[in-house]
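A.B. asks: The sequence isn't on hand, but the structure is:
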């Protein structure tokens, strides 16, 4: 995408048929920016440039020192810092910068109450994700993360996209009257919300959640809400058990026998540290093997099994009857009491997953829903939340295969720790801040 002519203090965009030694076949970056600034009919112009920035002593245009001026009408968002390379990734099937840019434009960069993707929100999203994740890609060749660079600040915000919510409803979870029948018919079911059991062979603590109705997603008035959070009414027609905490390294090694997190400088080892670097298939395999082991030991009935939570089960458990942005209310200043997130983790220089259960639980006794590691869900990701009875998405929109991820993380900003926040990634994806928790559900529906 970029290059320079020897001994010319200029940077160029290089068409596929260009000759790097012939300036006439190249597109001057400085000239492009100058024309755009002078001739564009828009008062705000944002350019994204995925290009290497090596040899910036001569390639002054890309460095920025060759610009006569950058007014409030023009902003240039570059994929790398001066002197650095912009990398491609076979894992992501894109340049790293372009991957996170497209991810943000699909909706992940929506982080304000008006549901707009703006020049500021896309810049913040790409910068944060690249800084946190690029160096942990399996095919990333450099020791330090690739970090983008913004030159010029627009006068005001440039709106890139808007998603309109259809509904603005907020009701608390409503336990269903038939849930008491579950306990009478099945002695393995719980009786009261928050009831705890830890009688499996691995000492995993599970919390009982009764059947109930709730509104999934966020109201249009919720600050920093994202697209894909349009509210829907959900009914969970049967109660289920959910892990009180995320699956730990000790539990993972006992069931699976591996340590996929080994070798990462962003992981500390410990029995009660949340397991990470788990892809979706691995998490499903954990649930399957745990089910087999518990049935063989006689501690799990044949009509119950461990699974990943659905998105609906996860948000129902996270909210714990609340309609607010967080399980504790609307005051984000309290988040540090309930979660490990950027402010008390990564921004202090420690991006490693923590021991589970060290922060305050929600009202149903469940820990770490707003932080520590994000959690795989069973659903394939859908652009709009599914509603109705026991929703579960098994096929993505137009063949989309990314899978749903929920919860905050040690590197997440406050807005990305909300109960309604949704993320997605390829099912093969692994990262230092991605794990899971299990649900234990009845199978004879």
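C.D. replies: Perfect, thanks for sending it. What you are looking at is a predicted structure, and each value in this text was computed from that prediction instead of being measured.

A.B. asks: wait, residue 261 sits on residue 276?
C.D. replies: Yes - under the criterion of Cβ atoms under 8 Å, residue 261 makes contact with residue 276 at 5.1 Å. C-betas here are computed from N, CA, C, even on glycine.

A.B. asks: Adjacent strands (with direction) for the longest strand anywhere in the chain?
C.D. replies: Ranked by number of residues, the top strand in the chain under DSSP state E is strand 374-380. If you go by DSSP bridges, strand 374-380 pairs up with strand 403-406 (antiparallel), strand 434-435 (parallel).

A.B. asks: quick one: which of those strands is nearest residue 135?
C.D. replies: The closest of the strands paired with strand 374-380 to residue 135 is strand 434-435. By Cβ to Cβ, the value is 15.1 Å.

A.B. asks: Could you identify the helix or strand that succeeds the closest one?
C.D. replies: Using DSSP states H and E, the next helix or strand after strand 434-435 towards the C-terminus is strand 438-442.

A.B. asks: Give the burial count for residue 207, as a bare number.
C.D. replies: Here the count is done by other Cβ atoms under 10 Å, and residue 207 has 24 residues near it.

A.B. asks: Looking at the strands paired with strand 374-380, which is nearest to residue 300?
C.D. replies: Residue 300 sits nearest to strand 434-435 of all the strands paired with strand 374-380, at 22.4 Å, using Cβ to Cβ.

A.B. asks: Low-confidence ranges, the stretch 1-150 of the chain, go.
C.D. replies: For the stretch 1-150 of the chain, the stretches with pLDDT under 70 are 1-10, 55-72, 110-115, 132, 143.

A.B. asks: Show me where it has its helices.
C.D. replies: 29-39, 60-63, 96-103, 119-133 (DSSP state H, counting those that start in this stretch).

A.B. asks: Now render the ones you listed as TSV, adding distance to residue 424.
C.D. replies: Listed next are the helices of the stretch 1-150 of the chain as TSV, based on distance: least, Cβ to Cβ, whole Å:
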stretch	distance to residue 424
helix 29-39	34
helix 60-63	33
helix 96-103	9
helix 119-133	13
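
A.B. asks: Turn the ones you listed into JSON lines, including distance to residue 395 and mean neighbour count.
C.D. replies: Shown next, in JSON lines, are those (distance: least, Cβ to Cβ, whole Å; neighbours: other Cβ atoms under 10 Å):
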{"stretch": "helix 29-39", "distance to residue 395": "42", "mean neighbour count": "15"}
{"stretch": "helix 60-63", "distance to residue 395": "43", "mean neighbour count": "23"}
{"stretch": "helix 96-103", "distance to residue 395": "21", "mean neighbour count": "22"}
{"stretch": "helix 119-133", "distance to residue 395": "26", "mean neighbour count": "21"}
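
A.B. asks: Just tell me which of these ends up closest to residue 141.
C.D. replies: It is, among the helices of the stretch 1-150 of the chain and with distance given as Cβ to Cβ, helix 96-103, at 11.1 Å.

A.B. asks: Is residue 234 in a helix, a strand, or coil?
C.D. replies: The local conformation at residue 234, judged by DSSP: H, G, I helix; E, B strand; the rest coil, is strand.
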